[in-house]
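S.K.: Sequence below, structure please.
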Amino acid sequence: MNLMQLKYFLSICEFGSVSAAADYLHIAQPSLSLAIKELENEFGTLLFHRKHKGMYLTAEGELLRGMAKDIIDRTETTEKIMKDVGHNKKILKLGVPPMIGALILPALYHDFLSKNEDMDLDIVESGKEELVNMILEDQLDVAFISHNKKLDVGLEFLHIDTLEIVCSTALHNPIAQKRVLSPKDLDGVPLVMFKDGFFQSSEIKHWFSADLIEPNILIKTNQLSTMQKIISSDTAVGFLFEKLIRDTDEMTSIHLDPPITADISLIWKKEKFSFSGMQSLKNFLKATKLFS
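M.R.: Numbers count the residues shown, from 1 in each chain. As a prediction, this is how the structure comes out:
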């Protein structure tokens, strides 16, 4: 058994026939059939039921598929890690939600990269759910997320800070005169929210549902700048980190009752090799007060 045979086997599992798998792999069908026959001879069992409409896994084939996928995944991860080590990887693939990005990225580009001049950041901006999935699927090295619950068991994290989420309105909106807002105070008020999959959206919806109120969501967006413009133009009311509003002249903040807070953490896949760029970022975050 070798890795190439296992890759051929998994391709047939995916495409359901030798001809389709051979076309995908750009190899001759007889070579692919021979590789599978050699596996079957070595294991002393059939891996596929061969029928005129295609090939179907036997019970033994199903067993091998799970183990083969694990072997290939581990091999590719090992190869990626060793290439990172050998080439002294300098590109850090970083995921950031919009609000955290607005607070953190200036410091990363100004302070972190100034101390790591041979490193580049490859930034992906999205909501919490997508960023977590991308971490678990090895599409990102690390990501910043907002959360207030136990994280996925497949993740490790470095807690950065805890921030308050507040209601944000234009200065001349009547709501701006209030010091504290309950869900009932915002019943029927037009709202701008981040799209589904963002931490803030799920928390705000839960906040409303506790009082059995359906929020009046006028606009959904994944862009912080769009949300800020909609709020400042008094088109709708929104929800942002209090720190984002503190230094603005066009919007004001009102605390929520009950309050909503978010833990801000850097996450990465559990047992993922921490190459130099990842470790440098962790060390920087441990030594820096980003939200002070």
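S.K.: List the buried residues of the helix or strand of the chain with the lowest mean pLDDT.
M.R.: Sorted by mean pLDDT, DSSP states H and E, the helices and strands of the chain end with helix 59-86, the least confident at a mean of 80. Neighbour-count burial for helix 59-86, counted by 16 or more other C-beta atoms under 10 Å, picks out 61, 64, 65, 68, 71, 84. The C-beta positions use only the backbone N, C-alpha and C, and glycine is treated the same way.
S.K.: farthest-separated two in the residues you listed?
M.R.: 61 and 84 (34.2 Å; C-beta to C-beta).
S.K.: if we can go back for a sec, following element in sequence after the least confident helix or strand of the chain, please.
M.R.: Next in sequence after helix 59-86, counting helices and strands by DSSP states H and E, comes strand 91-96.
S.K.: Give me the buried positions along the helix or strand following that next one.
M.R.: Downstream of strand 91-96, the first helix or strand assigned by DSSP H and E is helix 98-107. The neighbour-count criterion (16+ other C-beta under 10 Å) identifies 98, 99, 100, 101, 102, 103, 104, 105, 107 as the buried residues of helix 98-107.
S.K.: for these, which one is nearest residue 265?
M.R.: Proximity of the buried residues of helix 98-107 to residue 265, judged by C-beta to C-beta, is greatest for residue 100, which lies at 9.9 Å.
S.K.: Pull the contacting residues for the closest one.
M.R.: 144, 145, 146, 264 (C-beta atoms under 8 Å, 6 or more residues apart in numbering).
S.K.: where's the nearest residue to residue 266 once chain neighbours are set aside, which helix or strand?
M.R.: Closest residue to residue 266 apart from its sequence neighbours, by C-beta to C-beta, 6 or more residues apart in numbering: residue 158 at 4.5 Å. Assigned by DSSP H and E, residue 158 belongs to strand 155-170.
S.K.: The next helix-or-strand element following that strand pairs with which strands?
M.R.: Counting by DSSP H and E, the element after strand 155-170 in chain order, helix or strand, is strand 180-181. Applying DSSP bridges, strand 180-181 is found paired with strand 251-256 (parallel).
S.K.: For residue 46, grab the count of nearby residues.
M.R.: Residue 46: 14 surrounding residues under other C-beta atoms under 10 Å.
S.K.: Excluding covalently adjacent residues, which one is nearest to it?
M.R.: Closest to residue 46 by C-beta to C-beta, 6+ apart is residue 58, at 5.2 Å.
S.K.: Please report phi then psi for that neighbour.
M.R.: Backbone dihedrals for residue 58, given as degrees, to the nearest 10, come out at phi -80, psi 180.
S.K.: distance of it from residue 165?
M.R.: 54 Å (C-beta to C-beta, to the nearest Å).
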